[in-house]
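[1] Give me a 3D structure for the following:
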Amino acid sequence: MSLKDSYVEKLKAQLDDWSADIDALEVKAHEANAELKAKYHDKVEELKYQRTLAQGKLAEVQDAAEDAWEEIKKGGESVWDTIRQTFAEAKSKFDK
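    Presented below is the predicted three-dimensional model:
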């Protein structure tokens, strides 16, 4: 497996984890009171948006030529870091 393929698999696994996190938050939102439902809903929508951005970056890496994907990876790492932070903050906030 090439480095690019390994990286793509790592990103796909991260997206799967984030999708599971979103699903868990949606369940909690369904069970929450009205005030918390709104907060959950807002956060879930933000996380879905972030996940969409991540999917776009993943597609860029997948579509890149073998000799160009490293540059795309460098440019996308800050986006992935921001998304990771957003998901971590959401989990810590709502796992209380």
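[2] ok, and what's touching stretch 73-92?
    When contacts are defined by Cβ atoms under 8 Å, 6 or more residues apart in numbering, stretch 73-92 is touched by residues 7, 11, 14, 18, 21, 25, 43, 46-47, 50-51, 53-54, 57, 60-61. The way it works is simple: take the backbone N, C-alpha and C, and place the C-beta from them, glycine included.
[3] again with stretch 35-53
    15, 18-19, 21-22, 25-26, 28-30, 32, 79, 82-83, 86-87, 90, 93-94.
[4] Going by neighbour count, list what's buried in it.
    Buried residues in stretch 35-53, counted by 16 or more other Cβ atoms under 10 Å: Tyr40, Lys43, Val44, Leu47, Gln50, Arg51.
[5] Can you tell me which of the residues you listed is closest to Met1?
    Arg51 (24.7 Å; Cβ to Cβ).
[6] could you give the mean pLDDT of whichever strand or helix holds Ala59?
    For Ala59, the element it lies in under DSSP states H and E is helix 34-63. For helix 34-63, mean pLDDT rounds to 89.
[7] if I look at the most centrally placed residue in the chain, how far off is Glu31?
    Residue closest to the average C-alpha location in the chain (Cα atoms, centre = their mean): Arg51, at 3.9 Å. The spacing between Arg51 and Glu31, counted by Cβ to Cβ, to the nearest Å, is 22 Å.
[8] Pop out the phi and psi values for Ala64.
    Here is the backbone geometry of Ala64 (degrees, to the nearest 10): phi -70, psi 150.
[9] Hmm, it is touching Lys57, no?
    No. Between Ala64 and Lys57 there is no contact under Cβ atoms under 8 Å: 10.8 Å.
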